[in-house]
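Novice: A structural model of the following input is requested.
(one chain, ligands or ions: 2)
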Amino acid sequence: MELTLQAPLDMHLHLRDGEMLENIANASTHTFSGAIVMPNLVPPVSSKEEVTAYKKRIRHAIGNEDFTPYMTLFFKPSYDKTFLENVKEEITAIKLYPAGITTNSEGGVSGFDVEELRPALEAMSDLNIPLCVHGETNGFVMDREAEFVHIYEKLATAFPKLKIIMEHITTKESVAALDKFENLYATITIHHLLITLDDVAGGMLQPHLFCKPIAKRPQDREALLKVALEAHPKVMFGSDSAPHPKHAKENCGCAAGVFTAPIALQLLAELFEKHHALENLQAFISGNATRIYGVSPLKKTVILEKKPFKVPSDYNGVVPMFANEEIAYRIKEVKLG
Ligand code: NCD
Ligand code: ZN
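Specialist: Numbering: from 1, shown residues only. Ligands and ions are numbered 1, 2, ... in the order given. You can find the predicted model right below:
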């Protein structure tokens, strides 16, 4: 059996920098038409010069592949309208991290005081720049995302014209918030559609499944599955593929992040087929994102084939999800147009 996908988009991706960027870029650029590139480098990407220079380094790492990096800035409450007007043409969105909540987010936001955030968020709203949010408080790890929902509601109410994207949602509470506010959208990863906390820590600890937000309960996964499989018009695929070197994962003090970029489309095909929802995969993987972000992705056709594929043990030293295991689909062909 074959399956054809047009212009797949990954609306939440960590491409990293330096040697890691060179090593892992093609895991995404081969099959995806484009991706929203996260800005959590060290230091974070927070000026026009930095975003332009980072895009150049990405272009270099991409080589001849046809792929659009949709760039983001690391949100700072000090961004004003003049700054944003000037940087707008270089970016597709701005990513907000609560301070210290995940990898390289120390310079993020604390407190979420609407008045403090108002100048920057109103300017973004006026300029139609979407706000991507890592929605977790610093509460108990299983409750962090659900606790953050009231902050989403506060922001969505205070800035009704601002497009707010709840990144990598993992809970039924975030799913419920989607339908309450017109200006809330969400990305969903493949790993959060497949695993629960049991897979991470229910038996032997699985460092390669450890990420932020941590995978939650079966009921949460069910809620995510429902909106992903029906390609709810406000959800889109975002892998949150977050590579770390093997030694940083298989370590006392494991870095958070699951590396799924090279197998994401194959896993989605298997999942949507299993749930008899293949007719909605195109919208989840590209159509919804195109509409929500107003982007026109490069025309790329990916043909998947239902034939067992053994996932490699690593890609240039980065261990992927399901390393050494068999998955049901493989990439048969990628062509332009
Ligand atoms: C991401 C990373 O490593 O940059 N880690 C993760 O667990 N998802 C950061 C993030 O998106 O939280
Ligand atoms: Zn991420």
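
Novice: strands along this structure, start to end?
Specialist: Secondary structure of the chain (DSSP state E): strands at 2-6, 9-13, 34-37, 68-74, 93-96, 131-133, 164-166, 184-188, 235-237, 300-310, 326-336.

Novice: what pLDDT, on average, does the first one get?
Specialist: Mean pLDDT, strand 2-6: 98.

Novice: parallel or antiparallel, which strands does it pair with?
Specialist: Strand 2-6 has the following strand partners under DSSP bridges: strand 300-310 (antiparallel).

Novice: now the strand it pairs with and strand 9-13, what's the angle there?
Specialist: 70 degrees (axes from the mean of the first three to the mean of the last three C-alpha atoms, to 10 degrees).

Novice: name the residues of strand 300-310 that come out as buried.
Specialist: Using 16 or more other C-beta atoms under 10 Å as the test for burial, strand 300-310 gives Lys300, Val302, Leu304, Glu305, Lys306, Phe309. Glycine gets a C-beta too; all of them are placed from N, C-alpha and C.

Novice: repeat for stretch 106-122
Specialist: Neighbour-count burial for stretch 106-122, counted by 16+ other C-beta under 10 Å, picks out Gly107, Gly108, Val109, Leu117, Ala120, Leu121.

Novice: and it, is it in reach of ligand 1?
Specialist: No. Stretch 106-122 lies apart from ligand 1 when judged by C-beta under 6 Å from any ligand atom; the minimum separation is 10.8 Å.

Novice: end to end, how far does that stretch reach?
Specialist: Stretch 106-122 has an end-to-end distance of 24 Å (C-alpha to C-alpha, to the nearest Å).

Novice: again with stretch 260-279
Specialist: This stretch, stretch 260-279, spans 23 Å end to end (C-alpha to C-alpha).

Novice: equivalent analysis for stretch 291-301, please.
Specialist: The straight-line separation of the ends of stretch 291-301 (C-alpha to C-alpha) is 19 Å.

Novice: enumerate the positions of that stretch that are buried.
Specialist: For stretch 291-301, burial by neighbour count (16+ other C-beta under 10 Å) applies to Ile292, Tyr293, Val295, Pro297, Lys300.
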